[in-house]
Structure formats: C-alpha cells, structure tokens
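# quick check, what structure comes out for this input:
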Amino acid sequence: MRKLLIITVLSIVMLSCENNSADLVIGSTIGSNGESSEIVVGDLSNQEVWVDYIDAHNDRDLEKIAEINSDNWTGYAPNGNVVRGNDAHIEFLDEWFKSTANPKWKVKWMIANRGEDVDGNIVEFLTTGNDIMFMDDDGNEVVENHVHDIMFENGKITNVFVYSRPAPVQESVEE
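Numbers count the residues shown, from 1 in each chain. I've put the predicted structure just below:
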C-alpha cells in the first residue's frame, strides 16, 4: 500500500510539473506605436536547421545552403550591405568561398523564440552566438564574434541579421 501511495504521489507531481514552454513568455517587442507584444519560446527544431546551415557553410555546400534558404531570403551584413534573394546569396558565398578568406563558423549558443511581426503575424526566430574565423587580405587569421538573428518561415530561413565585433585578443584584469 505504501509503494502504491508513493507511486501515485510521484506520478501526480511529475504530471503537474509539465512545462508548456510554448507559451512561456521570455521577453517583449515594442512596436512603432509604442505597444508591446510578447516574445515566447520558439520552435526548438530551428536549432537543428541552423546547425545544418552552418555545417553546409563550413563544407562549402552551396546546394544545401540554397535548399535551406527561402526564395525570398534576405541577409543584412554588419557593414550595412544587404543581399536579397537566394540566388544572390549563393553567388555571394561562391565568390567569398573561392577567395583566400576561407571562413569557418562555430556555433556557441542558440535561443529559439517567436513573436508578432509589425503586421501582427507570428514569426519564428532563432538568435545565435557564433564565432567566425577567416583570413584577412594580409593572410592573418581574424576571429569575430557574431550574433545572428534568423527568421524562419515553414522551416526555411527567410532573413538573417548579422551583428559583429572583433573577438577579444587580450583581457585586462583589475587588481
């Protein structure tokens, strides 16, 4: 009888602790009208899409990258350049991969989220921290820390916003 009671109590506790993370509010957006809308936990499967996407970049697999991109893909680079369209993105990457830059990415962290866009539609995002290593024009290795904000639609990447800063080379410690 005691075992049955313990099993019953544990079962109730486990079922009551179920977390419906799909509705978990993790932040908010502020629209141009000043009104806010909730940002909630997004589709975690987008993380695997991103890892596959980065692997395809590191493998120079332009076909796989094009497959993951939506046709109306848009990329916003940290230098202010904008690349519009899947074909334009693949052309840009092909030229860059053939250069001496030899870029390689490493995913450090990811946060899946979703919220309303300016039109009130629910959109899926993945915010990621990535390091990129490449060779500069003088043949020196450069490491940058990037944050990518990626918008998904039907499992495809539609927008990528890239924010960049040089990786720290030396830390000063206060004594």
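
# which stretches in the protein count as helices?
Applying DSSP state H to the chain gives helices spanning 2-16, 45-58, 62-68, 86-98.

# ok, of the ones you listed, where does mean pLDDT dip lowest?
Note on the helices of the chain: helix 2-16 shows the lowest mean pLDDT, a mean of 45.

# skipping adjacent residues, who's closest to Asp137 in space?
Spatially, and ignoring its direct neighbours in sequence, Asp137 is nearest to Thr100 (8.0 Å; C-beta to C-beta, 6 or more residues apart in numbering). C-beta coordinates here come from the backbone N, C-alpha and C atoms, glycine included.

# which residues touch stretch 143-154?
43, 46, 49-50, 70, 78, 105, 123-133, 157-167 (C-beta atoms under 8 Å, 6 or more residues apart in numbering).

# for stretch 90-101, same thing?
With C-beta under 8 Å, 6+ apart, stretch 90-101 has contacts from 57, 60, 62, 65-66, 69, 83, 103, 134-137, 139.

# looking at these, spot the one nearest Ser32.
Val83 (25.3 Å; C-beta to C-beta).
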